[in-house]
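[1] Sequence and predicted structure, then a few things I'm wondering about:
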Amino acid sequence: MTDERPAVIELSDAAVRVGGRTLWGGVDLTVRHGEFAAVLGPNGAGKSTLLKVLLGLLPSATGRVRVLDAAPGHAGRRVGYLPQRRSFDPGLRIRGTDIVRLGLDGHRWGLPLPGRGGRNAAAGTRVAELIELVGASAYANRPIGQCSGGEQQRLLIAQALVQRPELLLLDEPLDSLDLPNQSAIATLIGRICREQEVAVMMVAHDVNPILHHLDRVIYLAGGKAVSGPPGDVITSDTLSVLYGTRVDVLRASDGRMVVVGDPAAPAVHADASERGGMHHSAA
Amino acid sequence: MVNAFRAGTIVAVMAATIGWFMVLRRQTFAGHTLSVVGFPGASGATLLGISAGLGYFVFCVGAALVIAALPRAGQHRQSEESALTGTLQAFLLACGYLFVALYKGFLNGVNALLFGSFLGITNSQVTLLFVVAIAALAGLAVIGRPLLFASIDPHFAAARRVPVRLLSVLFLILLGAATAEAAQITGALLVFALLVLPAATAQAITARPAASLPLAVAIALVVTWLGLLTAYYSPYPVGFYVSTFAFGTYCLVRFGRQLLDLTDCRPGGLLEEAG
Ligand SMILES: Nc1ncnc2c1ncn2[C@@H]1O[C@H](COP(=O)(O)OP(=O)(O)O)[C@@H](O)[C@H]1O
Ligand SMILES: [Mg+2]
């Protein structure tokens, strides 16, 4: 991995303020073309907010933010996004194919009914291609509400990719999946990153399922960010300082690293209140 | 009777189309409120000696604007919105009762406002229904796709620069207009027969938007025509028949789907695969 590749994300001295308080500040960060980067940190650290800044949905209070050599929000379809979400309502009667298709032309004015003509045929081919790529052909014609969490996540990755973005921003795509599915989706994203040459910035709660795919990790905690290659950042010393608690990084016999010591522990409170809120709003 | 068929046809097309989006957006409670609000609108208009149709439109669209203006910050958005919407609904319904009480000797009219009537629909009423329906459907034809995107995936849509908030306001206004139209055929209490049931039935039959939207319109047309025809030969209100036929169709489809799902083990059944 050389550092000659062009930067797709550049932050220098960036800071973000929400509700009158500074969530994080003094953040310097570069993600390069084709890299797989993970954003890690406790709940409430501002990981989702970082993605919103990159999408131009929130301004940076200081410094400079560039996304694909443009101001945030001005790179348009060159950026794909998978928002943090709870799963689709089981009663939602729209097929997975339609969801992917919306990623292609949902922003265009007009009727939601696919028209005729060459452009429509090309769109259909592109949607089918993506569904094939993420391995969702078997259930793409089912109502999305009836697909499992992992199946929904694959379709949403296809949706985010359908406009051939150069940068993919994924917010906790492994959330609420079981371990085999977490590892399958992580492998899929790693493969897409290499084969399609898409830079991926993925927010994750647990680093272990994605660790061996990563080129770069970004830790957000305590209002600051630390970023670098996994080997440099994922050390007991760095993580212990960031989280303010003892965190161990172990090497398994096959050379893989495993992070133990419950790095999410300081966030247990935030976690509980967030879930409470979600529960409430769903009621 | 000819005017009743004309009006019913216009209303069925518009209510089914807008109802299709309402069911997808899970906004049936807002739709319910708007329909209840039609009652004080129409009774107030009658009290003032102006046409009930105008009262429906002014109140339904007005209430849609109020719901659209309700604050929606923070995580408890949905439940807070429901509480405020419900409060508005209760107050306006109370106003309706007051208007009815103020207008003495109004009892026959109340029945028509609540349960629908096809008697005495004038040419000018049909024209009004037609103009509003054309305007609303033309508006929907422009915003339809981004509206669907914003309904299913608001965060991704916002990242794609879809004006999510503006679309939700526009949709509520369209919903207000559709409710006001439907109330003039089925009565304020039975608006759901045309707004929810055809859309829910069509969506239960197929998950393909390109099929379920026209299907919803077809179902609405058939139940409206049948309802008008039956009501013509019987003493009971047309809203009762339209609702009953729509409900019957919905039950049949749900039952059929259960059977299909049982025989064909894959969730989703046969019909989704055929596309
Ligand atoms: N628009 C906003 N107004 C006020 N507070 C916000 C806003 N957006 C996010 N926050 C707060 O910022 C904090 C970080 O949010 P978020 O970026 O979602 O964290 P993470 O994704 O790391 O869990 C949370 O405490 C959240 O309540
Ligand atoms: Mg988050």
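    Now that the structure is in, tell me what you want to look at. Ligands and ions are numbered 1, 2, ... in the order given.
[2] mean confidence for stretch A:17-31?
    Stretch A:17-31 shows a mean pLDDT of 92 in the predicted model.
[3] now check that stretch, is it near ligand 1?
    Yes. Contact between stretch A:17-31 and ligand 1 is present through A:Val18, A:Gly19, A:Leu23 (criterion: C-beta under 6 Å from any ligand atom). (Each C-beta comes from the backbone N, C-alpha and C, glycine too.)
[4] can you confirm the last one is in a strand?
    Yes. Inclusion of A:Leu23 in a strand is indicated when DSSP: H, G, I helix; E, B strand; the rest coil is applied.
[5] looking at the residues of stretch A:17-31 next to ligand 1, which has the most residues close by?
    The most crowded member of those, judged by other C-beta atoms under 10 Å in any protein chain shown, is A:Leu23 (20 neighbours).
[6] buried set for stretch A:94-110?
    By neighbour count on 16 or more other C-beta atoms under 10 Å in any protein chain shown, the buried set for stretch A:94-110 is A:94-107.
[7] Next secondary structure element downstream of the helix or strand where B:Ala220 lies?
    Using DSSP states H and E, the element containing B:Ala220 is helix B:209-232. Using DSSP H and E, the helix or strand that follows helix B:209-232 in sequence is helix B:238-263.
[8] so that next one versus helix B:209-232, what angle?
    140 degrees (axes from the mean of the first three to the mean of the last three C-alpha atoms, to 10 degrees).
[9] who does helix B:238-263 touch, helix- and strand-wise?
    On a contact count with 3 or more C-beta pairs under 8 Å, 6 or more residues apart in numbering or on different chains; DSSP states H and E, helix B:238-263 meets helix B:107-115, helix B:164-186, helix B:192-195, helix B:197-205, helix B:209-232, helix B:269-273.
[10] nearest to ligand 2, of those?
    helix B:164-186 (19.1 Å; C-beta to the ion).
[11] Indicate whether the closest one makes contact with chain A.
    No. Using C-beta under 8 Å from any C-beta of the partner chain, helix B:164-186 never reaches chain A; the gap is at least 10.6 Å.
[12] Now do stretch A:130-137, average pLDDT.
    93.
[13] end to end, how far does it reach?
    End-to-end span of stretch A:130-137 (C-alpha to C-alpha, to the nearest Å): 9 Å.
[14] could I get the helices and strands packed on helix B:238-263 as JSON lines with mean neighbour count and distance to A:Ala158?
    Formatted as JSON lines, the helices and strands packed on helix B:238-263 follow (neighbours: other C-beta atoms under 10 Å in any protein chain shown; distance: least, C-beta to C-beta, whole Å):
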{"stretch": "helix B:107-115", "mean neighbour count": "17", "distance to A:Ala158": "48"}
{"stretch": "helix B:164-186", "mean neighbour count": "25", "distance to A:Ala158": "22"}
{"stretch": "helix B:192-195", "mean neighbour count": "30", "distance to A:Ala158": "33"}
{"stretch": "helix B:197-205", "mean neighbour count": "25", "distance to A:Ala158": "23"}
{"stretch": "helix B:209-232", "mean neighbour count": "21", "distance to A:Ala158": "18"}
{"stretch": "helix B:269-273", "mean neighbour count": "17", "distance to A:Ala158": "17"}
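[15] In CSV, list those along with distance to A:Pro230.
    Shown next, in CSV, are these (distance: least, C-beta to C-beta, whole Å):
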stretch, distance to A:Pro230
helix B:107-115, 68
helix B:164-186, 37
helix B:192-195, 55
helix B:197-205, 46
helix B:209-232, 43
helix B:269-273, 42
